[in-house]
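> how does the following fold in three dimensions:
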Amino acid sequence: MNWTIHYFNERIKAAVFSWPTDILADYRRLIGLMEDHGANLRLPHSRALGEGLFELRCKGEEGIGRVFYCAMVGRKILVLHSFIKKTQETPDSELKTARKRLKEIKHG
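Coordinates of the predicted model:
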């Protein structure tokens, strides 16, 4: 049984699919791997951030995208937040948004 990709809401899905073509292509490639093999990809494709939160690391000639996700019961992967990186480090506000959504999912 394959894994399925779900989105926290439609706005997040629309934001990811509006990324520049080359970054979106890498995202599609990586979620294809996750659909076949599960959520725990490892570096350089994915990185665990603790407490069940993961970062998918998408790259392209036009820049770098990040997708925060978690794995759920029933072979589901839930995309919580995404953004295009503008600096070397991940802004605290982006990580805070993802952690807040993860908390909502875990605790209702």
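> L56: what's it in contact with?
Residues near L56 by CB atoms under 8 Å, 6 or more residues apart in numbering: Y27, L30, I31, M34, L41, H45, S46, R66, V67, F68, Y69. C-beta: built from backbone N, CA, C; applies to glycine.
> now the fourth one: which helix or strand?
What it means is M34. Taking DSSP states H and E as the criterion, M34 maps to helix 21-37.
> give me the low-pLDDT residue ranges for this structure?
Low-confidence segments of the chain, defined by pLDDT under 70, span residues 1.
> can we see that at 80?
Low-confidence segments of the chain, defined by pLDDT under 80: 1, 40, 108.
> any idea how far G65 lies from Y7?
Per CB to CB, to the nearest Å, G65 is found 15 Å from Y7.
> hmm, back to that, show me what the helix holding M34 is packed against.
Secondary-structure packing of helix 21-37 (3 or more CB pairs under 8 Å, 6 or more residues apart in numbering; DSSP states H and E): strand 4-7, strand 53-60, strand 63-72, strand 76-84.
> again, only using 10 Å
Helices and strands touching helix 21-37, as assessed by 3 or more CB pairs under 10 Å, 6 or more residues apart in numbering; DSSP states H and E, comprise strand 4-7, helix 10-16, strand 46-50, strand 53-60, strand 63-72, strand 76-84.
> relative orientation of the fourth one and strand 46-50 in degrees?
Here strand 53-60 points in a direction 150 degrees away from that of strand 46-50 (axes from the mean of the first three to the mean of the last three CA atoms, to 10 degrees).
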